[in-house]
Every structure is written in C-alpha cells, then in structure tokens.
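Visitor: predicted coordinates and the sequence they were generated for:
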Amino acid sequence: MKLTRLAPLAALAILGCAGESNAPTSASSGGTGAGGAASACPPCVSDATCSGGALCAQIAGDTYCAPDCSNGKACSADRACTPVAGADGKQLQVCVPRTDVCGGPPQTSGSGSSSAASGGPSEVCGALHGPDVKACCTSCAQGAPGCQLNGCYGGWWCNVDTCKCQVAPAPCDGSSSAGSSGSGSSGSGGSETGSVTGISGGKLDTLSFAIVGDTRPPVIDDTAGYPKKVIQTVWQDVEAASPRPAFAVTTGDYVFAKPFGAQAAPQIDLYLAARQAFSGVMFPALGNHECTGATASNCGAGSADGVTANYTAFLDKMLAPIAVTTPYYTVNIGSTTSAWTAKLVFIAANAWSAKQATWLAAELAKPTTYTFVVRHESASANTAPGVTPSQAIIAQHPYTLLIVGHTHTYAHYASEKQLIVGNGGAPLTGGVNYGYVIARQRADGAMVFQEHDYTTNQVNDTFAVKPDGTSTP
C-alpha cells in the first residue's frame with residue numbers, strides 16, 4: 001500500500017477539517033439557518049469550548065463544534081442535520097457539513113486496506129459490530145427513526161466490550177478478534193545485540209525501534225471505554241516481532257479526559273499496563289490531550305493553560321520513570337562498532353516556549369548519521385503553539401524523518417519526510433486498521449519502515465529512506 005499526499009492547499013480544500021487540525025476557534029455562520037461554511041469545524045473537548053449555541057460532537061473519530069439542530073432548528077444549505085454522539089457520549093443532532101466533512105481521512109492512492117472476500121467490509125470487526133448487526137448499544141431506541149440494529153445512529157458501530165457507539169473501523173474481514181494477539185512474526189522475538197535502557201540511550205549493532213500511535217477512548221472521561229484490548233494486542237505484537245525492536249517511540253494522546261478532572265491518571269495507568277507486554281524501553285511524546293485536549297492548548301508553568309491534571313499525569317507517570325523532567329528531550333544512540341550515530345529529538349508542541357526553541361536548535365545542530373524528530377502534530381496542524389516555530393527550526397537542519405501522530409491513521413509522505421502513526425487505538429479517521437510500525441536498519445544503511453495490522457501482523461506498507469531522508473528502493 002503506497003500512500004501519497006496532495007499538495008497542501010488541495011488537501012485542505014478536500015479535507016475541510018482533518019483530524020484535530022488547524023480549524024478556526026468558533027463556528028461561523030452563512031447561508032440560511034445555522035451552520036456556515038463546511039470548513040468551519042473548530043475542535044473541542046466539551047460543549048463549553050464551543051460558541052454560538054454549537055455543541056461538541058464526535059465526527060469522523062474526533063470532536064468538533066457543530067451547530068445544534070434539535071427541536072426543528074434549521075441547518076445552512078451546506079450542512080445536514082445528523083444524529084451523532086457528543087463528547088460525553090450522549091446522542092445529539094447537529095449540522096454536519098455535506099462535503100469536506102470534519103475529520104475526513106487523508107486522500108490516498110494505492111490499494112489501501114482490503115475488504116472482505118464478498119466485495120465489501122464485514123460488519124463485525126473484532127469487538128465492533130456494524131449498523132446492521134444486533135448489539136448491546138443503547139444510544140437510540142430500537143424502531144425509532146434512524147436507529148440502527150446495533151443501537152447506534154448515523155453509521156456508527158457498537159463496541160460490544162463497552163456497549164458504546166463509536167466511529168466505524170477501517171475495512172475488516174472480521175476473521176480476527178480485536179482482543180486476540182496476532183502471531184505473524186516468525187521466531188520467538190529474540191533481540192539484536194546491544195541495548196537502549198533509558199534517557200541515557202545505548203549502543204546497538206542494528207538500529208531498530210517500534211512506533212505506536214494515538215490511544216484514547218472515543219468519549220471524554222470514559223475510562224471504562226479505554227481501548228485496552230487494542231493497545232494490549234499492539235504491544236504484544238511488538239514484543240513478538242523477530243528480531244524484537246530495541247525500544248519504542250509513541251506519538252502522544254494517551255488520554256481523553258477533562259484537563260482538571262480525575263480521569264487522566266487512570267487512563268494512563270491502563271496504557272502503561274498494556275505497555276508492560278513490551279520488554280524494551282518506551283519513549284513517549286506529549287500530545288494535545290496531555291494538555292487540555294485542544295490542539296491550540298499550551299501547558300506548563302507560566303504558559304497559557306498552566307499545569308493541568310492531564311499534563312501532570314503525563315510527566316509523573318510516563319516521563320519520570322525514564323528520568324525525563326521536561327516534555328521535550330533527546331535520546332542518543334550509537335553503534336556498537338562506531339559505524340553510525342543516531343538521535344531521537346522529542347518536541348512538545350503543546351508545551352512550547354522560547355526555552356524549548358533554543359534547546360531544539362542546539363540539539364538538531366549536533367551531527368548524527370540519523371536524526372528522527374518526534375512530535376505529536378503534523379506540520380498542517382499549525383494551531384498547536386509549537387508546530388510552526390519548530391517546523392522552521394527543523395527546516396534549517398538535516399534530518400531523516402519527522403514522526404507524528406494526531407491524525408488517527410497511518411500515512412507516509414515521502415516528499416515531506418513525514419510519517420504519521422496515529423492508529424494505536426484512538427477512533428480511526430482513515431482506511432487503515434489499528435496497528436503499529438517497526439523501523440529497522442538495513443545493511444546498506446537505509447532505514448526500512450513497515451506498518452503492520454494489529455490483528456494479523458500483515459504488513460500493509462513498506463518504505464525505506466537513506467540517513468538524509470531521501471527515499472530509496
């Protein structure tokens with residue numbers, strides 16, 4: 001599967017509001033009735049973050065402000081009144097864009113994920129049951145207008161583990177359980193020579209690491225609905241890979257919790273319990289949900305949003321155990337034979353400051369054979385305070401690859417030297433199933449990246465880059 005990216009302006013015109021991207025901060029109005037331009041999809045974490053009577057609704061796997069159309073309220077001509085779930089899981093009726101739907105998946109070419117042998121996707125994908133399959137969800141009353149057999153509205157699927165509705169998964173043939181561990185790796189998962197033990201890095205004969213993306217429940221504060229089975233399987237698969245990766249990188253968003261509530265810590269605990277299946281060290285990036293949940297949020301002492309409970313839980317539970325004291329840091333790795341050097345530079349775009357900018361320029365200026373930059377948001381999600389300034393600094397230095405998440409799918413954009421890995425359990429927004437990526441150094445010095453399906457371990461995409469980031473066969 002080869003994924004290509006449209007030119008930035010063309011992509012924006014098609015996507016409207018993709019993932020949790022650079023949307024305006026309040027809904028605009030236009031036409032007749034409520035709604036406005038289809039591209040006006042402000043991201044949100046609750047109704048309180050929306051204005052003008054808009055509600056915080058789950059659309060295409062994430063949460064956006066959309067005008068309320070309950071009780072006969074009209075929508076503008078470019079929107080349709082649609083039943084969807086709110087951020088709190090309650091059923092809403094909001095004006096959803098007819099085209100350029102908020103959170104639409106990136107445009108891709110190539111074969112993508114395969115459908116069922118019958119010619120279309122099965123309506124059972126592990127624990128997720130489709131609209132026409134009887135299930136335990138109760139978002140609507142059976143027989144009510146628009147209510148599906150699974151107990152959900154609007155094309156949503158029912159997660160029978162939690163009895164909650166969520167966005168439809170990628171096409172899936174239903175042959176594997178979402179909770180089962182795939183066994184596609186050969187061998188017993190033996191590791192290569194050398195080790196990486198923590199922030200001090202280490203030495204390896206072959207550079208190898210796993211990448212795991214966004215993992216969070218579909219509804220705010222829904223700790224019971226955390227995607228435990230998905231992330232447990234992902235980490236079991238990473239451990240079983242042969243050879244086993246030396247360490248792992250994660251791209252942010254481990255929680256969906258109110259920023260000053262009590263659910264961030266329990267959700268991170270669930271993530272860390274699953275992560276224990278992997279015996280190597282894990283290096284996590286900060287996501288916007290580890291601040292307030294809004295893409296534009298900025299956390300830390302003296303910042304606009306201060307020190308939230310989500311931010312504190314991330315620092316205490318994910319960084320302190322590896323002796324990291326700031327949400328931005330560098331991991332240096334060397335060759336056991338001194339043949340190469342590598343560094344992973346973790347940027348915290350939602351804890352941005354002048355101090356971090358100075359640090360980043362200094363770290364990227366240090367020469368290494370390979371430089372991997374890890375940041376939660378892609379370059380297009382430029383409402384995150386640290387995206388545009390860090391992108392400007394990155395552009396001034398050589399690097400191998402920018403690794404990001406934020407958008408809940410997988411994609412590789414060779415021309416931008418950017419890899420998106422956001423399909424680690426958060427509600428999917430693209431045509432790729434949950435999974436993970438393993439990167440491994442080749443004998444010629446190129447780095448080979450393979451994206452795996454989490455239920456089958458099937459390799460869906462493979463690409464290779466030279467140390468300078470240019471593509472190679």
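Guide: Structure received. Residues are numbered from 1 along each chain as shown.
Visitor: who's the closest residue to Leu92 other than its chain neighbours bridged to?
Guide: Distance criterion Cβ to Cβ, 6 or more residues apart in numbering; nearest residue to Leu92, sequence neighbours excluded, is Gly86 at 4.7 Å. To be clear about C-beta, it is placed using only N, CA and C from the backbone, and glycine gets the same treatment. On the basis of DSSP bridges, Gly86 is bridged to Ala57.
Visitor: neighbours of Ala464, how many?
Guide: As a burial measure, Ala464 scores 16 neighbours (other Cβ atoms under 10 Å).
Visitor: what comes up buried for the strand or helix carrying it?
Guide: Assigned by DSSP states H and E, Ala464 falls within strand 459-465. For strand 459-465, the neighbour count (16 or more other Cβ atoms under 10 Å) marks Asn460, Asp461, Phe463, Ala464, Val465 as buried.
Visitor: do the same with stretch 351-359
Guide: Buried residues in stretch 351-359 (16+ other Cβ under 10 Å): Ala351, Trp352, Ser353, Gln356, Ala357, Trp359.
Visitor: likewise stretch 301-320?
Guide: 303, 305, 307-311, 313-315, 317-319.
Visitor: can I get these in CSV including pLDDT, distance to Thr400 and secondary structure?
Guide: Below are these laid out as CSV (pLDDT from 0 to 100; distance: Cβ to Cβ, whole Å; DSSP: H, G, I helix; E, B strand; the rest coil):
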residue, pLDDT, distance to Thr400, secondary structure
Ser303, 97, 30, coil
Asp305, 97, 32, coil
Val307, 98, 33, coil
Thr308, 98, 33, coil
Ala309, 98, 35, helix
Asn310, 98, 31, helix
Tyr311, 98, 29, helix
Ala313, 98, 31, helix
Phe314, 98, 26, helix
Leu315, 98, 28, helix
Lys317, 97, 29, helix
Met318, 97, 24, helix
Leu319, 97, 24, helix
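Visitor: and the furthest pair within the residues you listed?
Guide: Maximum pairwise distance in the buried residues of stretch 301-320, criterion Cβ to Cβ, is 20.2 Å, between Ser303 and Lys317.
Visitor: could you look up the SS state of the residue lying closest to Tyr399 once chain neighbours are set aside?
Guide: Nearest residue to Tyr399, sequence neighbours excluded (Cβ to Cβ, 6+ apart): Thr371, at 4.2 Å. Put simply, Thr371 is strand when judged by DSSP: H, G, I helix; E, B strand; the rest coil.
Visitor: per-residue pLDDT, the nearest residue to Thr308 once chain neighbours are set aside?
Guide: Nearest residue to Thr308, sequence neighbours excluded (Cβ to Cβ, 6+ apart): Pro259, at 4.0 Å. Looking at Pro259, its pLDDT is 97.
Visitor: show me what contacts Pro259?
Guide: Neighbouring residues of Pro259 by Cβ atoms under 8 Å, 6 or more residues apart in numbering: Val45, Cys291, Thr292, Gly293, Ser297, Asp305, Thr308, Ala309, Asn310, Tyr311.
Visitor: between the two ends of stretch 135-149, how far is it?
Guide: Stretch 135-149 has an end-to-end distance of 7 Å (Cα to Cα, to the nearest Å).
Visitor: hang on, I meant stretch 278-288
Guide: 25 Å.
Visitor: can you pull out the strands in the stretch 101-250 of the chain?
Guide: 124-125, 128-129, 157-159, 164-166, 194-198, 201-204, 208-212, 247-250 (DSSP state E, counting those that start in this stretch).
Visitor: by contact count, what packs against the third one?
Guide: Contacting strand 157-159 under the criterion 3 or more Cβ pairs under 8 Å, 6 or more residues apart in numbering; DSSP states H and E are the following elements: strand 128-129, strand 164-166.
Visitor: closest to Glu123 out of the buried residues of stretch 301-320?
Guide: Of those, the one sitting nearest to Glu123 (Cβ to Cβ) turns out to be Asn310, at 34.9 Å.
Visitor: torsion angles phi and psi at the closest residue to the closest one other than its chain neighbours?
Guide: Closest residue to Asn310 apart from its sequence neighbours, by Cβ to Cβ, 6+ apart: Ala264 at 4.2 Å. In terms of degrees, to the nearest 10, the main-chain angles of Ala264 are phi -60, psi -50.
Visitor: what of Cys81?
Guide: Torsion angles, degrees, to the nearest 10, at Cys81: phi -70, psi 120.
Visitor: show me the helices in the stretch 101-250 of the chain, by range?
Guide: 228-240 (DSSP state H, counting those that start in this stretch).
Visitor: flag the shaky bits of it, pLDDT-wise.
Guide: 101-122, 126, 141-146, 153-154, 162, 166-192 (pLDDT under 70).
Visitor: how about a cut-off of 50?
Guide: 104-121, 172-191 (pLDDT under 50).
Visitor: narrow the buried residues of stretch 351-359 to those in helices?
Guide: Members of those lying in helices (criterion: DSSP state H): Gln356, Ala357, Trp359.
Visitor: output those residues as CSV; include the columns distance to Gly280 and pLDDT.
Guide: Output for those, formatted as CSV (distance: Cβ to Cβ, whole Å; pLDDT from 0 to 100):
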residue, distance to Gly280, pLDDT
Gln356, 27, 98
Ala357, 31, 98
Trp359, 26, 98
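Visitor: now these as a markdown table including distance to Gly431?
Guide: Formatted as a markdown table, those follow (distance: Cβ to Cβ, whole Å):
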| residue | distance to Gly431 |
| --- | --- |
| Gln356 | 35 |
| Ala357 | 36 |
| Trp359 | 38 |
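Visitor: what's the separation between the closest residue to Tyr254 other than its chain neighbours and Thr295?
Guide: Closest residue in space to Tyr254, ignoring its immediate chain neighbours: Tyr271 at 4.7 Å, by Cβ to Cβ, 6+ apart. For Tyr271, the distance to Thr295 (Cβ to Cβ, to the nearest Å) stands at 21 Å.
Visitor: partners of Ile211 in the sheet?
Guide: Beta-bridge partners, per DSSP bridges, of Ile211: Val249, Val437.
Visitor: count the residues that sit near it.
Guide: 24.
Visitor: how about it, what does it touch?
Guide: By Cβ under 8 Å, 6+ apart, the neighbours of Ile211 are Ala248, Val249, Thr250, Thr251, Ile403, Leu419, Val421, Tyr436, Val437, Ile438, Ala439.
Visitor: wait, which of the residues you listed is closest to Gly469?
Guide: Nearest to Gly469 among these, with distances taken as Cβ to Cβ, is Leu419, at 10.5 Å.
Visitor: what are the pairing partners of the helix or strand hosting the closest one, and which direction each?
Guide: If you go by DSSP H and E, Leu419 is part of strand 418-421. Sheet neighbours of strand 418-421, with direction, are listed as strand 401-404 (parallel), strand 410-413 (antiparallel) (DSSP bridges).
Visitor: send the alpha carbons of the last one over as PDB?
Guide: In this case it means strand 410-413. Taking C-alpha atoms only, strand 410-413 is exported to PDB below (Å, rounded to 0.1, in the frame of the first residue of the first chain):
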ATOM      1  CA  TYR A 410      -1.200   5.700   9.100                       C
ATOM      2  CA  ALA A 411       0.400   7.600   6.200                       C
ATOM      3  CA  HIS A 412       3.900   8.200   4.800                       C
ATOM      4  CA  TYR A 413       4.500  11.500   2.900                       C
END
